[in-house]
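Participant: Pasted the sequence and its predicted model underneath.
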Protein chains: 2
Amino acid sequence: MGSEVTLKQIAKELGLSAMTVSRAINNRSNVDEKTKERILNKAREMGYTPNHIAKSLVSKKSYTIGVVVPEIAHSFFAEAIQGIEEVTFEGNYQLILTHSAENEEREKQALQTLKSKRVDGILISTAQTVEDHSLYKRIVESDTALVFFDRCVEGIGASCVSVDDRSGAYNITNHLIGHGYKKIAHLGGPLNLKISQERLWGYKEALNDNGIMIDDDLIIESGFREKGGYNAMDQLLTAYQDHPPRAVFAMNDPVAFGAMEAIYNHGFSIPEDIAIVGFSDDIRASLMKTPLTTVRQPSYDLGKRAAQKLIKMIENEDEPVENIDLLTELVVRESCGCKKQ
Amino acid sequence: MGSEVTLKQIAKELGLSAMTVSRAINNRSNVDEKTKERILNKAREMGYTPNHIAKSLVSKKSYTIGVVVPEIAHSFFAEAIQGIEEVTFEGNYQLILTHSAENEEREKQALQTLKSKRVDGILISTAQTVEDHSLYKRIVESDTALVFFDRCVEGIGASCVSVDDRSGAYNITNHLIGHGYKKIAHLGGPLNLKISQERLWGYKEALNDNGIMIDDDLIIESGFREKGGYNAMDQLLTAYQDHPPRAVFAMNDPVAFGAMEAIYNHGFSIPEDIAIVGFSDDIRASLMKTPLTTVRQPSYDLGKRAAQKLIKMIENEDEPVENIDLLTELVVRESCGCKKQ
DNA sequence: TTGTACGCGTTATCAA
DNA sequence: TTGATAACGCGTACAA
């Protein structure tokens, strides 16, 4: 930081009081036009930059919001962050970025630091491992606005902006069924996470609504990554050697990529033998040998919406708590064998 | 921000002075053990969180660093940011993230805001269009540490952490030459940026060292994006209709992607008619119809190194200005037609 | 060991 | 229209 020009210094140079200088610089009405001009010129000449820290101390407002994400470099979060930055920039807020690395302890520390910095509000997508929600509660009860996005914690009175995982899963499963597939497997994530539950639910509902029996043996836990997808699919194809599933709904694109690999290795082709679809519209999805049908999540918009909601909560006392679910979009490519020609 | 507990309030509750409470909380030696314990208990009970804003005002140190990037969601920058966050977290600094959207005016505004927030230092990767370096100079001359990363501005006395663009460009051009190509075009970035200069230099040096004449007509400015790559390549192929270059070195992968499109549109095949290589190892590079030979940049490490350098400059008066170049790695794929079988 | 006075840069308030 | 004073929350320097 070091020694910057202050209002007082400008005042001294001009033989005025700091207060008058302050008024001129903040463009208040009650300053003589000529004095104002003198002040502004001198300020420019001296290279004055207002000190937000001092302002914050007196105004009790930092125009800063804190963001906590599990991973910055995941394209989904990177895009959401860009959306957030877009909105905060518009609203003249700054953004303090922290990342939890999916680690509860680190997340706590980040939140604590954000409180110390007296951020006006916090946007958070929780780490996978977090079990203790008391800190979130304390924040909600304090004066700091809190909005969850993507990975939300329910029942503590905070707003939540996320994608509608269930309807996305429902739609894509339904799409598979609509093209005549009946034996449809699901590669899913760990069930303690809402996101996994919701996608599984959507899958099951679609089967149900179409009168297809749910076969639990066709539901395999794969985690979130390629390797897990490969293993789960490999296991499935080994178990169902002679009568493999006709289609697969993977809980996300990386899992689908891994599963595709396993399908090829078992000598099947996509989509002729086995159709497969994913979720998230990873940047690689369209570039696969057989481009992947998937569900696009509005990551950028999600960030924007979350930031907008947060700023509203900051600036408006009685902005209501609400859950905002953004709709997903089905992206049909070749891997499901149901593309219109 | 709102009304948080203060030292004074704790002091009042306990019948002590604010100063004693301050000492206890900052774990100074000169406090009675018992008093200290009483204070710490009371502080916990009242939910005290130190006010960094007030601390900063008196200490003239914000423990905050500002980051300015052209795009957050570009995987290269997202990874670099993650590296930066890793280091700042370790060093107990927070990170204010801004993005310029490649826009000079917006970058200026971001820098101005960062100054107002009295950040201890700034990490910046400049926007493409920036021509006026006076603001950078003013920052360097002020007390705010400044470190450029990836896209640097030279000659203003700021440190720069980047990949060794020249050797990377040299190596990949050399690789092309080693496979018999002689007529090699270059699609380059704006020459006011070091990154563009260096890659051009590496290209020229490789030609020189192999006794190939440099043909300035084969060097076209393309900018940093797909569209610019498409246009530049299109222009080149139109000009050299009957005798197109045998190979192309694009200054980065997106430019290469655009150029590939143009090559196809002109009816040429890759690499049989025209070989092409890029720079940066974008996540899509390996997934193109013809996978792209490119240069891998250590983005995460680059962020870390830049942040480390910045923190050193902040904490150590006479930390020298230096250029740090990280080595790149050649990634050979099909698009250069020189893959070992 | 504990307390008092003062200052960090700014603004609100009241007085001139 | 302008200025003096106090306050925001904390830490330094000194005194008790």
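Facilitator: In hand now; what should we look at?
Participant: which residues in chain A form strands?
Facilitator: Here chain A has its strands, by DSSP state E, at A:64-69, A:94-99, A:121-124, A:145-149, A:159-163, A:184-188, A:219-221, A:247-250, A:275-277, A:294-296, A:323-326, A:329-331.
Participant: Mind giving me the packing neighbours of the last one?
Facilitator: When contacts are defined as 3 or more Cβ pairs under 8 Å, 6 or more residues apart in numbering or on different chains; DSSP states H and E, strand A:329-331 sits against helix A:165-178, strand A:294-296. The way it works is simple: take the backbone N, C-alpha and C, and place the C-beta from them, glycine included.
Participant: now those in a markdown table, with mean neighbour count, mean pLDDT and distance to DNA strand C?
Facilitator: A markdown table is the format used below for these (neighbours: other Cβ atoms under 10 Å in any protein chain shown; pLDDT from 0 to 100; distance: least, Cβ to the nearest atom of the strand, whole Å):
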| stretch | mean neighbour count | mean pLDDT | distance to DNA strand C |
| --- | --- | --- | --- |
| helix A:165-178 | 21 | 97 | 45 |
| strand A:294-296 | 24 | 96 | 45 |
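Participant: low pLDDT regions in the stretch 201-341 of chain A?
Facilitator: Across the stretch 201-341 of chain A, residues meeting the criterion (pLDDT under 70) sit at A:340-341.
Participant: Can you name the residues of the stretch 51-200 of chain A that neighbour chain B?
Facilitator: Counting by Cβ under 8 Å from any Cβ of the partner chain, the positions of the stretch 51-200 of chain A adjacent to chain B are A:51-54, A:56-57, A:60-62, A:64, A:71-73, A:75, A:78-79, A:81-82, A:85, A:89, A:94-99, A:106, A:110, A:112-113, A:115-120, A:138, A:142-144.
Participant: Now do the contacts for the closest residue to chain B within the stretch 151-300 of chain A.
Facilitator: Residue of the stretch 151-300 of chain A nearest chain B, by Cβ to the nearest Cβ: A:Leu287 (3.5 Å). By Cβ atoms under 8 Å, 6 or more residues apart in numbering or on different chains, the contact list for A:Leu287 reads B:Arg284, B:Leu287, B:Met288.
Participant: Swap in 10 Å and give it another go.
Facilitator: The contact partners of A:Leu287, taken as Cβ atoms under 10 Å, 6 or more residues apart in numbering or on different chains, are B:Ile283, B:Arg284, B:Ala285, B:Ser286, B:Leu287, B:Met288, B:Lys289, B:Pro291.
Participant: Looking at the residues you listed, which one is closest to DNA strand C?
Facilitator: B:Ile283 (44.4 Å; Cβ to the nearest atom of the strand).
Participant: In contact with the closest one, which residues?
Facilitator: A:Ser75, A:Asp282, A:Ile283, A:Arg284, A:Leu287, B:Ser75, B:Phe76, B:Asp253.
Participant: and the gap between it and B:Ala256?
Facilitator: 14 Å (Cβ to Cβ, to the nearest Å).
Participant: what about whichever residue of the stretch 201-341 of chain A sits closest to DNA strand C, how many residues close to it?
Facilitator: At 16.1 Å from DNA strand C, A:Glu315 is the closest residue in the stretch 201-341 of chain A, using Cβ to the nearest atom of the strand. Neighbourhood size, A:Glu315 [other Cβ atoms under 10 Å in any protein chain shown]: 13.
Participant: again with A:Asp301
Facilitator: 15.
Participant: ok, back up a step: what remains of the residues of the stretch 51-200 of chain A next to chain B if I keep only buried residues?
Facilitator: Buried subset of these (neighbour count, 16 or more other Cβ atoms under 10 Å in any protein chain shown): A:51-54, A:56-57, A:62, A:64, A:71-73, A:75, A:78-79, A:81-82, A:85, A:89, A:94-99, A:106, A:110, A:113, A:115-120, A:142, A:144.
Participant: and the residue in the stretch 151-300 of chain A that DNA strand D sits nearest to, what is it in contact with?
Facilitator: DNA strand D sits closest to A:Ala158 of the stretch 151-300 of chain A, with a gap of 24.6 Å, by Cβ to the nearest atom of the strand. By Cβ under 10 Å, 6+ apart, the residues touching A:Ala158 are A:122, A:124, A:133, A:136-137, A:139-140, A:145-148, A:152, A:313, A:321, A:323.
Participant: The residue in the stretch 51-200 of chain A positioned nearest to DNA strand D: what's it in contact with?
Facilitator: Nearest to DNA strand D, among the residues of the stretch 51-200 of chain A, is A:Val58, at 3.5 Å (Cβ to the nearest atom of the strand). Neighbouring residues of A:Val58 by Cβ under 10 Å, 6+ apart: B:Ile53, B:Leu57.
Participant: before we move on, what about A:Tyr63?
Facilitator: A:52, A:55-56, A:88, A:91-94, A:119-120, A:314, B:1, B:113, B:116-117.
Participant: rerun at 7 Å
Facilitator: Going by Cβ atoms under 7 Å, 6 or more residues apart in numbering or on different chains, A:Tyr63 touches A:Asn92, A:Tyr93, A:Gln94, A:Asp120.
Participant: Tabulate those residues (CSV), appending distance to DNA strand C and pLDDT.
Facilitator: Output for the contacts of A:Tyr63, formatted as CSV (distance: Cβ to the nearest atom of the strand, whole Å; pLDDT from 0 to 100):
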residue, distance to DNA strand C, pLDDT
A:Asn92, 14, 96
A:Tyr93, 17, 98
A:Gln94, 17, 98
A:Asp120, 16, 97
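Participant: Give me the distance between A:His186 and A:Trp201.
Facilitator: Counting by Cβ to Cβ, the gap from A:His186 to A:Trp201 is 11 Å.
Participant: should've said A:Leu57
Facilitator: From A:Leu57 to A:Trp201 the distance is 49 Å (Cβ to Cβ).
Participant: circling back: of the strands of chain A, which stretch is the most buried?
Facilitator: Of all the strands of chain A, strand A:247-250 carries the top mean neighbour count, a mean of 31, counting by mean count of other Cβ atoms under 10 Å in any protein chain shown.
Participant: which intervals of the stretch 1-150 of chain A have sub-threshold pLDDT?
Facilitator: Ranges of the stretch 1-150 of chain A meeting pLDDT under 70: A:1-2.
Participant: what does it have sitting close to DNA strand C?
Facilitator: Within the stretch 1-150 of chain A, the residues that sit near DNA strand C (Cβ under 7 Å from any atom of the strand) are A:3-4, A:6-8, A:18-19, A:22, A:25-26, A:50-51, A:54-55, A:57-59.
Participant: now these: which count as buried?
Facilitator: The buried subset of those - by 16+ other Cβ under 10 Å - is A:Glu4, A:Thr6, A:Leu7, A:Ser22, A:Ile25, A:Pro50, A:Asn51, A:Ala54, A:Leu57.
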